[in-house]
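Q: what would the 3D arrangement of this be:
(6 chains)
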6 protein chains.
Amino acid sequence: MYYFDKRLQWPVKVEKPDPLFARMLQQAIGGVEGEIRVCMQYFFQAWGARGPSTKYRDMLLHTATEEIGHIEMLATAVALNLDKAPVSEQEAGAADGLVGSIMGGGDTKGVINGMLHRHILSTGLAAYPADADGVPFNMSHIYASGNLAADMYCNVAAEATGRVLACRLYDATNDTGMKEMLAFNVARDTMHQQQWLAVIEELGEKAHLPMPNSFDQSKETQKYSYAFFGSAADGTPPMAGRWTEGPSLDGKGEFSVMQNVPMGQEPILGPARKDSYAQKEQM
Amino acid sequence: MYYFDKRLQWPVKVEKPDPLFARMLQQAIGGVEGEIRVCMQYFFQAWGARGPSTKYRDMLLHTATEEIGHIEMLATAVALNLDKAPVSEQEAGAADGLVGSIMGGGDTKGVINGMLHRHILSTGLAAYPADADGVPFNMSHIYASGNLAADMYCNVAAEATGRVLACRLYDATNDTGMKEMLAFNVARDTMHQQQWLAVIEELGEKAHLPMPNSFDQSKETQKYSYAFFGSAADGTPPMAGRWTEGPSLDGKGEFSVMQNVPMGQEPILGPARKDSYAQKEQM
Amino acid sequence: MYYFDKRLQWPVKVEKPDPLFARMLQQAIGGVEGEIRVCMQYFFQAWGARGPSTKYRDMLLHTATEEIGHIEMLATAVALNLDKAPVSEQEAGAADGLVGSIMGGGDTKGVINGMLHRHILSTGLAAYPADADGVPFNMSHIYASGNLAADMYCNVAAEATGRVLACRLYDATNDTGMKEMLAFNVARDTMHQQQWLAVIEELGEKAHLPMPNSFDQSKETQKYSYAFFGSAADGTPPMAGRWTEGPSLDGKGEFSVMQNVPMGQEPILGPARKDSYAQKEQM
Amino acid sequence: MYYFDKRLQWPVKVEKPDPLFARMLQQAIGGVEGEIRVCMQYFFQAWGARGPSTKYRDMLLHTATEEIGHIEMLATAVALNLDKAPVSEQEAGAADGLVGSIMGGGDTKGVINGMLHRHILSTGLAAYPADADGVPFNMSHIYASGNLAADMYCNVAAEATGRVLACRLYDATNDTGMKEMLAFNVARDTMHQQQWLAVIEELGEKAHLPMPNSFDQSKETQKYSYAFFGSAADGTPPMAGRWTEGPSLDGKGEFSVMQNVPMGQEPILGPARKDSYAQKEQM
Amino acid sequence: MYYFDKRLQWPVKVEKPDPLFARMLQQAIGGVEGEIRVCMQYFFQAWGARGPSTKYRDMLLHTATEEIGHIEMLATAVALNLDKAPVSEQEAGAADGLVGSIMGGGDTKGVINGMLHRHILSTGLAAYPADADGVPFNMSHIYASGNLAADMYCNVAAEATGRVLACRLYDATNDTGMKEMLAFNVARDTMHQQQWLAVIEELGEKAHLPMPNSFDQSKETQKYSYAFFGSAADGTPPMAGRWTEGPSLDGKGEFSVMQNVPMGQEPILGPARKDSYAQKEQM
Amino acid sequence: MYYFDKRLQWPVKVEKPDPLFARMLQQAIGGVEGEIRVCMQYFFQAWGARGPSTKYRDMLLHTATEEIGHIEMLATAVALNLDKAPVSEQEAGAADGLVGSIMGGGDTKGVINGMLHRHILSTGLAAYPADADGVPFNMSHIYASGNLAADMYCNVAAEATGRVLACRLYDATNDTGMKEMLAFNVARDTMHQQQWLAVIEELGEKAHLPMPNSFDQSKETQKYSYAFFGSAADGTPPMAGRWTEGPSLDGKGEFSVMQNVPMGQEPILGPARKDSYAQKEQM
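A: As a prediction, this is how the structure comes out:
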């Protein structure tokens, strides 16, 4: 179960409220690379964790719990950036100096054009769980497969796209308070990338490949297990790379290149069933 | 641009049509771990590829194109498994021996209960782009960040959960034809995991960490870049693991453990704006 | 504006409540081929209708208004079919004869397995706006383009898939009351297909092709306007059909067959921008 | 920021694992009446709270934090109920006595038909954030308007439908452990209904009506502010009720009944713009 | 069944077409606080209404039918506001005085930036069922639980957020016609809040609490039924409020405060099943 | 199975990169009228094709394969239009001449306001599968009913709205390269409209009406099969049109007009079940 402390994990300060940056920050809240996603992904992985040791459940709970605090920081940042936002075109035209100066003084009306309108109409100038273009977060993005190694790679992927996003946000603002908050976020993403990779390493170097490692590989069609298929229409071979020759990364095979050709039949499904209400001509 | 060959990449044969297995196969078509996802993900990564070399675009196009053929194989398998499906309860009651025998003879009516009803009502006994519980695939799952290393980890994650799924499907059927098709799919997933990891290796061992590697790390709050934060309410330290001590995986830091404490303020947003239509008491 | 009469457009009677048929009927309420879709599609086309005459707005309002009554009939049918539904497994085991007899007496527990669980848990045994597999209707399916001819074809498409669905539902039940309701629905779909096609005819035979007919065709790349492109990898020509030779259906061209070949360049996007946080190797 | 304790808020025990009840419990996790919804709704209301006092932010944080623990309890219950689940039809046929006995011994194959297939294929027998029919939770259901009274009613509504759901779940199981967990959940929902209503009372009896109470009512078209409009086509008056006569609940008006009649014009939008690509006939 | 009158319920006039206000109005059509939502919610509650009296079905039908007319008014207002909208950047640059003057003459190009692009590209300058940021309405927002009191609170919540929205829209425009239409909408929302509360009152003061009131409260874990749980990590008690002491609002208990502590076990799910394709280390 | 050629089907050139036009082009990629939709729709129709001849599968595969190349062209066009896009407000303020000149020099800051923010934050200046307002494509839009004639009308509808979109895009840009690409797209849409209509013609003129044509029409309630129902509240007859008199388009009936009246009962569902947790008053 869970507890809170009213204070934030890290200071959130906004020097010059900027409703357009509030829109950008939404991507880090409700975007597929955002904090709700990692928070819930780690929680569901923890809550479904099975295995001889509870240490992975433990690790996941620590970081999932930390991530709630990250959503909180970002939501606070959005609210602070919306503090002076215009809520009508008229107001945009007469925007006070603060917002105006952000936009250079001559384009205050552009502010409302660029804002998420639900910030104005639906939330009373606060954050909500949607991305920077207003699309609500969909929980289908919570990856928790029940396979620890696969899940760790899902987590690395989430933190990798998350850190790319945080870097872009860092660059997109001049506000010192926001830059300090984002520098902290970037640092935590660095750590989170590391820790999921550390689990992979701890699972035994490359022994976890291919994922899952609990399926008897003799049952797969091994002839094609380490072959890169070329699909160029004219048979031009793929450009050479680490994946076209040399030992495979799990040390169990040799990479090769094969041209992709039909090994299967042309699928003829036959006439439609009489009761399927296809056209008569199909029966 | 693209071409087709009417024949399938690999033979698709169904010995005993099983409409319940058709439902399961839908997960590999329209599930978030499925083939539409990897196909479209690799295509969008290829179509947006930037960089000094075109080799990654080349590689992505080869495999994206191969994946269209995988959707095709699975869609064909679904249609074949639906060939004898009951389309009404009455028919379910009088199901012919083929379907009946799958269910053991005494439970033919259960077949229609377990089927996806859109297979009966909407598609005329064919595949459609939804998962095994009927939820349509949503294209927000196409990850293509513009950062090559991050995208490769997204691809490993997709193929890892995809291979877990293929293994589960392999086990869930006794049909020889289906097992042969799935053995091929598992093999290709093995290769695809390998090839995305090979790109990561080719990018220079650990030099790609943290992702993105093009953000000046001196700008992040480095004190916390390799610190695992404990969030237990009573301060119990996290269980020890590879991620709590020793050098970080990028070789740039040392893992440590820190108890998570509030470093930020309690956020007080202040009274609501007069024009925000909060309650009067909030103003 | 709108009015109601408490009575239904057509009698809705259920002789033997069948919770599994209630699930099937949901497709006609909240499926993409269902009644909410046509109702709202015709309303939005009417509310946005522009043109010298108001007759199309008039026609659309008549039929949109009729369709509300169809949703009502189906929602009533769902509620009646759920009247005796088991709401727990225990009850399913001891189901009364009515439901039991539907399933043949020996499989009453299968009923709850096959039911939509939100019928039990969320609605109190009533209809809700989702399809037969429980997926909520999404309003992105309301097609209203502002082009009358295009919209009419969208309406024909909706009524065509809708009538296919109604026929399948008709076959899926033995209940006399339900069959009579569905026979009425099928009849109305017959008419609705006819009336949208009648608008197309009234617009002047083929003068509406291609849609839109208000774009100067000399601006399109006319060499390819009536050419069927073959995309077989080995150049096998497409099988002959009405679309491969003879005059086009708008009488403005001659059908021909051309092999699809690249007429464009290989797209090289070049190095990534320095501030895009691609990997360094991409810059 | 946030902390966790590894232990659950309340014991979660499952005597006889039942994969079909696991499906039902999903509604309380990822359904629109479920715990993710209330948890996130209270958090976003707290994080966006504005006003002279911080007491509502405080109250919301307490309960939002409690709700994380409720998702955790339910997710744990789902995993425990899936412990013996069959993962293939063959296994279903030979299901061990435990599951078999739940279904009465003669219908073990029905179990897999009734299960959510993503429990088998995607999660490794664990919970995920979707409802009882497999539809992922969508964050558009997080209501946080910035108006305290409106938000409190949204919270009452959420807890009302949530408690209805919990009662139905309580009835749907015979498992003592599950019944004890759900009895606790029902109790907490009782309290949560009370506390949101208490805020409303504290805001000053009926002074919060209509919501928002910060809009000058003299600006609304007051003639119609307390009139119940009848829409029966034949003018039959609405049946009498508390809403048709007597003082309004905010004490500011008298209820009356008016027949709904068109007070507006027939909307004629006129010809379409030449550049809108409507049909020529529309221009 | 249903009827229409071509005329609108209330006049819709737009003095100065403003495509940016058209965007804002979309929130009242396809937003979660909008008119499609209440219209469909009341209809589905009516169509599923059960009980000894038909008066609630009657009441719901009256208002649901009225709400169709509200969608119609708003859709008409959107179309009228889009009448002079620029449909290309070039046109935006040379926008006629009318639109230009709205934006102050110097920023006509900003208009197209701020518009919903589907207004230009997909609808031919008309309304469509999406919100002010372009997100289509999703029918999962139709709450109809089968419990009358719970549904009434859902309706109050919908009208509360709806009236907040209408007030914000009223303020966001200077157009006299639009202000008159919105003043009418605000008045109707006032009434609709009242009427749902009147049903609650009619159901017997507080006898309807907790919802549902048909579950035997002795079965809930009553010790916690009126206890506000504190979740602060350091045990700081919640701030005092109406919900921390005094009689509960249903008169059945006394509010108290309890610190939230784990009353449950640490959940250990145990090793993964051999056939679940977790990693070997998890088995 | 499938092959690719690295080159594009048709040249894609952008003379003056315009990030706002990149946004518009997204509608043709991930909009419901866009290329992913037609591509996947034709593929799923082909993969599920049943009937005595394989010619329709053949035809569908040719065109589905062509459509992948169209997505590729548009994705390339989006990436090229984003080449000079500002990625922060500061940069927008100091935008180089190229972007600035598009907007007329005085409004460079408006560019970032009008852009899709995921182009900046999530994709690294590349296309992604969403529409012009950022809503991801949802695969529920893939219509494949198993009825050939119905599917052909779905395809005509898709190409009709698609061509309307392409015409609007053609008008919205001044860029010669973009105009040439779009002229090609418009031409192909012309052909695709023709070819689906050609299938309908080949199926035997009007013999395919009503769809499906495999349901015995004597079973429908034929009295209402060719009757246009008037729903005006005051009985005003519908305006006369091709659909109100004369032979029906399938030659099987005569159009007539009937006033819509209740032919059914008032639906009284009766008291709620005791275990449904409706309010006590409903039981």
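Q: which residue ranges form the strands in chain A?
A: A:2-4, A:227-230, A:256-259 (DSSP state E).
Q: pull the contacting residues for A:A150.
A: Applying Cβ atoms under 8 Å, 6 or more residues apart in numbering or on different chains, we find A:A150 in contact with A:M211, A:P212, B:A157, B:A160, B:T161, B:R163, B:V164. Glycine gets a C-beta too; all of them are placed from N, C-alpha and C.
Q: which of these lies closest to A:Y226?
A: When the contacts of A:A150 are ranked by distance to A:Y226 (Cβ to Cβ), B:R163 comes first, at 14.0 Å.
Q: where does the prediction get shaky in the stretch 1-150 of chain A?
A: A:89-109 (pLDDT under 70).
Q: switch the cut-off to 50
A: Counting by pLDDT under 50, the stretch 1-150 of chain A shows low-confidence ranges at A:95-106.
Q: from the contacts of A:A150, which two are the most distant?
A: A:P212 and B:A157 (13.4 Å).
Q: helices of the stretch 151-283 of chain A, residue ranges please.
A: A:176-202 (DSSP state H, counting those that start in this stretch).
Q: those residues of it touching chain E, which are they?
A: Proximity of the stretch 151-283 of chain A to chain E (Cβ under 8 Å from any Cβ of the partner chain) is limited to residues A:L203, A:G204, A:H208, A:M211, A:P212, A:N213, A:S214, A:F215.
Q: of all those residues, the one with the weakest confidence?
A: Minimum pLDDT across those is recorded for A:H208, with 67.
Q: against A:L116, how distant is A:P86?
A: A:P86 sits at a distance of 13 Å from A:L116 (criterion: Cβ to Cβ, to the nearest Å).
Q: and chain B, which of the residues of the stretch 151-283 of chain A next to chain E contact it?
A: A:M211, A:P212, A:S214, A:F215.
Q: skip the chain neighbours and tell me the closest residue to the third one.
A: In space, A:S214 comes closest to E:K280 once its chain neighbours are excluded; the distance is 4.9 Å by Cβ to Cβ, 6 or more residues apart in numbering or on different chains.
Q: residues near A:A232, how many?
A: 19 (other Cβ atoms under 10 Å in any protein chain shown).
Q: cool, A:S218 as well?
A: 7.
Q: for A:S231, same thing?
A: Summarising burial for A:S231: neighbours were counted as other Cβ under 10 Å, giving 26.
Q: so A:F137 sits right up against A:A28, yeah?
A: No. Contact criterion Cβ atoms under 8 Å: A:F137 and A:A28 do not qualify, at 11.4 Å.
Q: any common contacting residues for those two?
A: Joint contacts of A:F137 and A:A28 (Cβ under 8 Å, 6+ apart) are A:G34.
Q: tell me the domain boundaries of chain A?
A: Using automatic domain parsing, the domains assigned to chain A come out as A:19-202, A:216-261.
Q: do the last one and chain B come into contact?
A: In this case it means domain A:216-261. Yes. Judged by Cβ under 8 Å from any Cβ, domain A:216-261 and chain B are in contact via A:217, A:219-233, A:238-239, A:241-243, A:248-250, A:253, A:255, A:260.
Q: keep only these that also lie close to chain F.
A: Answer for the residues of domain A:216-261 next to chain B near chain F (Cβ under 8 Å from any Cβ): A:S231, A:A232, A:A233, A:N260.
Q: centroid residue for chain A?
A: Centroid-nearest residue in chain A, with Cα atoms, centre = their mean: A:E33, separated by 2.6 Å.
Q: residue contacts, that one?
A: The neighbours of A:E33, taking Cβ under 8 Å, 6+ apart as the test, are A:Q27, A:A158, A:T161, A:G162, A:V164, A:L165, B:S145, F:S122.
Q: look up phi and psi at it.
A: As for A:E33, its main-chain torsions (degrees, to the nearest 10) stand at phi -100, psi 10.
Q: redo the ones next to chain B among the residues of the stretch 151-283 of chain A next to chain E as CSV? Include neighbour count.
A: Listed next are those as CSV, based on neighbours: other Cβ atoms under 10 Å in any protein chain shown:
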residue, neighbour count
A:M211, 30
A:P212, 29
A:S214, 20
A:F215, 20
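Q: ok, these vs chain D, which is closest?
A: Using Cβ to the nearest Cβ, A:P212 comes nearest to chain D of these, at 9.6 Å.
Q: now do the contacts for the residue nearest to the closest one when sequence neighbours are not counted.
A: Leaving aside its sequence neighbours, A:P212 sits nearest to E:Y277 (Cβ to Cβ, 6+ apart; 4.3 Å). Taking Cβ under 8 Å, 6+ apart as the criterion, E:Y277 is in contact with A:G146, A:N147, A:P212, A:S214, A:F215, B:V164, B:C167, B:R168, D:G124.
Q: these two touch, right, the third one and B:R163?
A: When you say that, I think you mean A:P212. Yes. Judged on Cβ under 8 Å, A:P212 makes contact with B:R163 at a distance of 6.6 Å.
Q: chain C contacts on the stretch 151-283 of chain A?
A: Going by Cβ under 8 Å from any Cβ, the residues of the stretch 151-283 of chain A near chain C are A:V164, A:C167, A:R168, A:D171, A:A233, A:D275, A:S276, A:Y277.
Q: farthest pair in those residues?
A: Between any two of those (Cβ to Cβ), the greatest distance is 61.1 Å, for A:D171 and A:D275.
Q: ok, which stretches of the stretch 1-150 of chain A are helices?
A: Going by DSSP H, counting those that start in this stretch, the stretch 1-150 of chain A shows helices at A:19-30, A:35-47, A:55-81, A:89-93, A:97-103, A:108-114, A:117-121, A:148-172.
Q: now check the first one, is it near chain C?
A: Okay, so that is helix A:19-30. No. Helix A:19-30 stays clear of chain C (Cβ under 8 Å from any Cβ), getting no nearer than 13.6 Å.
Q: any part of that helix near chain B?
A: No. Using Cβ under 8 Å from any Cβ, helix A:19-30 never reaches chain B; the gap is at least 11.3 Å.
Q: and that helix, which residues are buried?
A: A:P19, A:L20, A:F21, A:A22, A:R23, A:M24, A:L25, A:Q26, A:Q27, A:A28, A:I29, A:G30 (16 or more other Cβ atoms under 10 Å in any protein chain shown).
Q: so how far is it from its chain's centroid?
A: 15 Å (Cα atoms, centre = their mean, to the nearest Å).
Q: quick check: A:I29 vs chain F, distance?
A: 12 Å (Cβ to the nearest Cβ, to the nearest Å).
Q: so which bits of stretch A:5-21 are buried?
A: Result for stretch A:5-21 [16+ other Cβ under 10 Å]: buried residues A:5-12, A:14, A:16-21.
Q: quick one: end-to-end length of stretch A:41-58, please.
A: 14 Å (Cα to Cα, to the nearest Å).
Q: right, I mislabeled it, should have said stretch A:272-283
A: End to end - Cα to Cα - stretch A:272-283 spans 5 Å.
Q: for it, give the mean pLDDT please.
A: Per-residue pLDDT over stretch A:272-283 has a mean of 74.
Q: may I see the buried residues of that stretch?
A: A:A272, A:R273, A:D275, A:S276, A:Y277, A:A278, A:Q279, A:K280, A:E281, A:Q282, A:M283.
Q: how about stretch A:164-175?
A: Result for stretch A:164-175 [16+ other Cβ under 10 Å]: buried residues A:V164, A:L165, A:A166, A:C167, A:R168, A:L169, A:Y170, A:D171, A:A172, A:T173, A:D175.
Q: now, which of these sits nearest chain E?
A: For these, the minimum distance to chain E (Cβ to the nearest Cβ) is 17.6 Å, reached by A:A172.
Q: tell me the contacts of the closest one?
A: A:F21, A:M24, F:V87, F:S88, F:E89, F:I120.
Q: before we move on, what about A:A278?
A: Taking Cβ under 8 Å, 6+ apart, we find A:A278 in contact with A:A272, B:G124, F:R50, F:G51, F:G146, F:N147, F:L148, F:P212, F:S214.
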